[in-house]
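Trainee: heads up, no residue letters with this:
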């Protein structure tokens, strides 16, 4: 049986720690696939004109392309160069909900993320994506400090 690990990247250097942990764990497992995921915060709730919606869709596609090019593909390439089975995905949405949905859809067994870098009043009011993921995920979540 293949163990699937979903690695949630945040586009910052802390994502490297999640990748390092996941690749180390993968070497200890007999058959492991790594799925590198990046979620672009996106709210579907917006009141816009048809023209604004068309522009928004174009922007979404550009954001996905940029995230793949700058964040996900380099991470996947680094993992595959180590001989690991890895692929990547970029989605828009709420980070916690979307990472969990990716994991469920792909049959993932665990989600690995780094601690959120949010601070101050934003974190106190809204909580962090990491905390929300830990509280709502349907699989175990490993949080790297």
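Mentor: That came in fine, so what should we check first? Keep in mind that what you see is a predicted model, and the values were worked out from it rather than measured.

Trainee: how far does the longest helix seen in the chain sit from its chain's centre?
Mentor: In the chain, taking DSSP state H as the definition, the longest helix is helix 50-67. Put simply, helix 50-67 sits 19 Å off its chain's centre (CA atoms, centre = their mean, to the nearest Å).

Trainee: give the other helices and strands that the next helix or strand after that helix contacts.
Mentor: Where DSSP states H and E defines the elements, the next helix or strand beyond helix 50-67 is helix 73-81. Contact analysis of helix 73-81 by 3 or more CB pairs under 8 Å, 6 or more residues apart in numbering; DSSP states H and E lists helix 14-28, strand 32-40, strand 85-92 as its packing neighbours. Using the backbone N, CA and C atoms, a C-beta is placed for each residue, glycine as well.

Trainee: still on that earlier bit, of all the residues in the longest helix of the chain, which ones are buried?
Mentor: By neighbour count with 16 or more other CB atoms under 10 Å, helix 50-67 contains the buried residues 64, 67.

Trainee: which strands and helices sit next to it?
Mentor: Partner elements for helix 50-67 (3+ CB pairs under 8 Å, 6+ apart): strand 32-40, strand 85-92.

Trainee: what's the most buried one of those strands?
Mentor: The highest mean neighbour count among these, using mean count of other CB atoms under 10 Å, belongs to strand 32-40: a mean of 22.
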